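Visitor: The sequence isn't on hand, but the structure is:
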C-alpha cells in the first residue's frame, strides 16, 4: 500500500521544515521545493497526493503554480498558504482551483490557518 505524499513548497526554510516535521509526526511522507518551477517539475516526475504552498515565492508565485497545474489537467488537491489573505486573494485561489486557503503564521499546536 502506498503512503500519502505531500509536496510542500515554500521559499522560507523554517516554514517548510515546520510543515514537513508536523506531517512526519503523523507518518505522512513529504517532498519539498523552494520555488514554483521546481515544484512543477516534481509534480510531473513524481506521485504527489497533495500540494501545500506559499503564494509569495520567488521565480513563480503560488497562483501561477496553481494556474499551470490546472492548465496541464493536474487535479492534485492544493492548500494555499499566505500571510495576508484578502477576499480577492481567496476568490482568486478558488477560481484557479485551490481546495483550501490557510493563513500564516501557524504553529504545530494549531490547525493550519486558525
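Guide: Arrived safely, thanks for sending. Predicted, not measured: the structure shown is a model, and the values here were computed from it.
Visitor: all strands of the chain, in order?
Guide: Assigned by DSSP state E, the chain shows strands spanning 5-9, 29-33, 50-54, 78-82, 100-103.
Visitor: Given the last one, what are its sheet partners and their directions?
Guide: Okay, so that is strand 100-103. strand 78-82 (parallel) (DSSP bridges).
Visitor: Can you tell me what sits against the partner strand?
Guide: 10, 15, 50-56, 62, 66, 69, 89, 93, 97-104, 112 (Cβ atoms under 8 Å, 6 or more residues apart in numbering). Every C-beta, even on glycine, is put in place using the N, C-alpha and C of the backbone.
Visitor: before we move on, what about stretch 4-16?
Guide: Contact with stretch 4-16 is made by 19-20, 23, 28-36, 38-39, 42-43, 46-54, 56-58, 62, 65, 76, 81, 104, as judged by Cβ under 8 Å, 6+ apart.
Visitor: how close does residue 83 sit to residue 89?
Guide: Distance, residue 83 to residue 89, using Cβ to Cβ, to the nearest Å: 11 Å.
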